[in-house]
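J.: Sequence first, predicted coordinates after that:
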Amino acid sequence: MNIPPRRDRLCAAIAMAAILVALPCTVSAAFADPAPGVTMAEQAIRGNPVWITTDHARIEALQADFRSGGQITQACLSCHTEAAGQIHQTLHWTWQAFVDENGNVYGKGGDSLNNFCISANRMQDKQCLNCHPGWGTRTDTINCLNCHGSKTLNWEEAFEDLEVFSDSDDPEEQQIADELRADIQAAVQAVVRPQRSNCGACHFKGGGGDGVKHGDLDSSLSRPDKALDVHMAADGRNFQCTRCHTTTVHNIAGRVYTRPAAVARTSLIEDDLATKITCESCHGGHPHKSLSKANDHVDKVACQSCHIPTFARVNPTKMSWDWSQAGRTRDGKPYKTKNAFGMDDYLSIKGQMSWEKNIVPTYFWYDGTIDSITARDKIDPSGPVAVSHPMGHAGDTRARIAPFKVHRSRQPYDKVHKTLLAPLLSGPDGYWQTLDWQRALNKGMQAMALPYSGEFDFVDTTYVFPITHMVAPKDNAVACTECHTHTGSRLAAITGVYMPGRDRVDLLDLIGWIAVFGSLGGVCLHGSMRLVTHFKR
């Protein structure tokens, strides 16, 4: 056996030591570089200042003595001539998404239901119209300032008071009229791109109150800090909703029933005209640092699953609603009770409700579409009815594991027709005034132009909302061991995939342990032989 000279062996040892010393430094340097997702996101917002070309206070049409909302709309349309035609075609105006092959009209203005306030009764429930972009409860004239006004004003009250005081001979009342005119003009001229406050006026209060519906949308996002949402943080990027929910001819990007928010996950590097509705739009398809194991998850795990550890982190959200308990009275009068959060947990007009905070989401395979039923669809009342449910499975290349809020309810259904019912809630015939289920159900189903047998009961239901807001700082992301654990895994209910740590296959475990102990034994044997041969020299 030829043994290299001592000098050569020494040089080789030094070279090997240098490599071993340099290797950790190289890996460390790789991890010290900014993650590609951060770099791409910074590029996406760089050089994107908010700029305007019009001072609306100088527009002559907006300096008129406005006496009605309709007059304000006409003033807006005198310049924005195509806006009305565009808005009248949008989901925000029609409340109708599409008609399926069975004639079901999806949308609040159609046959769709939920398990909160249940139905808008084809827009016949006037209380619901408070969130329609018209003037008050009217559906004939657009209120442009719902989305583009930066000053809040009780328009109905302002116009009524102006009409009264303008006709008065009293100097003080004339002064009040002048102040009202100034307030109205100031509000009309305070035109902006839609702000979070505009969108939040409705979307923060969906379901009848702050934080009721979504869980990841409530008034805490009006001015959030970075701990609540890194994108919308008032002390950070301060993104408005339209930064991601991009708009074309007043159609706003986002998921609508079975229509996904985006059909492809495309970055702006690949297509600079792509919508910004997906995380990949700004962060790319491999957002983490090189050598990061997290990049191996992005094809099967949605970004939100790791980066939104809990929802409803500041304000509570409603998690259950039992309509069957509604109607109880005390001393013949409706009553209410509140929980530890100060939220109503019982109302005679609504029933029993539960609220929670800091909620760990429920996870599903999700391909971007949600299947939902309508008031026309037959149900099986023998078990919980999924009013809406995420679509997707492990074998679907479009599907990823995504977080959801699951709201549970107990709501009325037709015992004969086996369909969910849509009671009228507000107004003189509505349940909130009468506490009469038969009257409310008859009026509600008449508004829906659907049959009602007169026989009803209550059925358990579920309804889902995708969790996509309240993105936490990276240091607060879900830890690997919260999913890759045999007990208490966040993804315990996810099927179709093998997850190390969560799942066990006895044969595979046996092979693994044999490999571990075999390697350990081999190392010990090799070391022992080296020692023996060393001492024999």
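T.: Looks like it arrived, so ask away.
J.: any idea which helix is longest in this protein?
T.: helix 506-536 (DSSP state H).
J.: So which bits of it are buried?
T.: Counting neighbours by 16 or more other CB atoms under 10 Å, one finds that helix 506-536 has no buried residues. The way it works is simple: take the backbone N, C-alpha and C, and place the C-beta from them, glycine included.
J.: and what of stretch 296-315?
T.: 297-298, 300-315.
J.: List the contacts of Arg504.
T.: Taking CB atoms under 8 Å, 6 or more residues apart in numbering, we find Arg504 in contact with His486.
J.: Measure how far the longest helix of the chain is from the centre of its chain, please.
T.: Distance of helix 506-536 from the chain centroid (CA atoms, centre = their mean, to the nearest Å) equals 53 Å.
J.: coming back round to it: which of the buried residues of stretch 296-315 fall within strands?
T.: Assigned to strands by DSSP state E, none of the buried residues of stretch 296-315 qualify.
J.: Just the CA atoms of stretch 65-83, as PDB, please.
T.: Extracted in PDB, the C-alpha atoms of stretch 65-83 (Å, rounded to 0.1, in the frame of the first residue of the first chain):
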ATOM      1  CA  ASP A  65     -76.900  73.300  -4.300                       C
ATOM      2  CA  PHE A  66     -77.600  69.500  -4.100                       C
ATOM      3  CA  ARG A  67     -81.100  68.600  -2.700                       C
ATOM      4  CA  SER A  68     -81.000  64.800  -3.400                       C
ATOM      5  CA  GLY A  69     -78.700  61.900  -3.900                       C
ATOM      6  CA  GLY A  70     -79.800  61.600  -7.500                       C
ATOM      7  CA  GLN A  71     -78.600  65.100  -8.300                       C
ATOM      8  CA  ILE A  72     -75.100  64.200  -6.900                       C
ATOM      9  CA  THR A  73     -75.000  61.100  -9.100                       C
ATOM     10  CA  GLN A  74     -75.900  63.100 -12.200                       C
ATOM     11  CA  ALA A  75     -73.100  65.500 -11.400                       C
ATOM     12  CA  CYS A  76     -70.600  62.700 -11.200                       C
ATOM     13  CA  LEU A  77     -71.900  61.200 -14.500                       C
ATOM     14  CA  SER A  78     -71.500  64.500 -16.300                       C
ATOM     15  CA  CYS A  79     -67.800  63.700 -16.400                       C
ATOM     16  CA  HIS A  80     -67.700  59.900 -15.800                       C
ATOM     17  CA  THR A  81     -70.100  59.200 -18.500                       C
ATOM     18  CA  GLU A  82     -69.600  55.400 -18.700                       C
ATOM     19  CA  ALA A  83     -69.600  54.700 -15.000                       C
END
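J.: So which residues make contact with that stretch?
T.: Outside stretch 65-83, the residues that touch it by CB under 8 Å, 6+ apart are 59, 61-62, 64, 84, 135-136, 138, 141-145, 155, 159, 162-163, 181, 184-185, 188, 250.
J.: how about 7 Å then?
T.: The contact list for stretch 65-83, computed with CB atoms under 7 Å, 6 or more residues apart in numbering, reads 61-62, 64, 84, 135, 141-144, 155, 159, 162-163, 181, 184, 188.
J.: PyMOL command for the buried members of these?
T.: Buried residues among those (16+ other CB under 10 Å), as a PyMOL selection:
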select buried, resi 62+84+135+141+142+143+144+155+159+162+181+184+188
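J.: Show me which of the contacts of stretch 65-83 is closest to Lys289.
T.: Distance to Lys289 across those (CB to CB) is lowest for Cys144, with 45.8 Å.
J.: Distance of that closest one relative to Thr246?
T.: As judged by CB to CB, to the nearest Å, Cys144 and Thr246 stand 19 Å apart.
J.: ok, now Asp178?
T.: From Asp178 to Thr246 the distance is 42 Å (CB to CB).
J.: who's more crowded, these two?
T.: Set side by side, Asp178 and Thr246 show more neighbours around Thr246, with 16 against 13, by other CB atoms under 10 Å.
J.: From Arg196, how far off is that one?
T.: In this view, Thr246 and Arg196 are 15 Å apart by CB to CB.
J.: Then Gly430?
T.: 31 Å.
J.: Kindly report the same for Gly427.
T.: 31 Å.
J.: thinking Gly284 is in contact with Pro36, fair?
T.: Yes - using CB atoms under 7 Å, Gly284 is in contact with Pro36, at 5.8 Å.
J.: higher neighbour count, those two?
T.: Comparing Gly284 with Pro36 by other CB under 10 Å, the one with more neighbours is Gly284, at 23 against 18.
J.: Now do the contacts for the nearest residue to Gly69 once chain neighbours are set aside.
T.: Closest residue to Gly69 apart from its sequence neighbours, by CB to CB, 6 or more residues apart in numbering: Trp135 at 3.4 Å. Taking CB under 7 Å, 6+ apart, we find Trp135 in contact with 69-70, 141, 143, 155.
J.: Out of those, list just those in helices.
T.: 69-70, 155.
J.: re earlier: which of Gly427 and Arg196 has more neighbours?
T.: Under the neighbour definition other CB under 10 Å, Gly427 and Arg196 were set side by side, and Arg196 has more, 21 against 17.
J.: ok, the more buried one - contacts?
T.: 221-222, 232, 240-241.
J.: Give me the local confidence score for it.
T.: For Arg196, the pLDDT comes out at 96.
J.: gap between it and Asn476?
T.: Where Asn476 is concerned, Arg196 sits at a distance of 22 Å (CB to CB).
J.: before we move on, back to that, which one of the contacts of Trp135 is nearest to Leu510?
T.: Asn143 (69.0 Å).
J.: State the distance from the closest one to Asn114.
T.: Applying CB to CB to Asn143 and Asn114 gives a distance of 25 Å.
J.: re earlier: can you redo the contacts of Trp135 as JSON lines with distance to Gln124?
T.: Output for the contacts of Trp135, formatted as JSON lines (distance: CB to CB, whole Å):
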{"residue": "Gly69", "distance to Gln124": "21"}
{"residue": "Gly70", "distance to Gln124": "22"}
{"residue": "Thr141", "distance to Gln124": "18"}
{"residue": "Asn143", "distance to Gln124": "20"}
{"residue": "Trp155", "distance to Gln124": "22"}
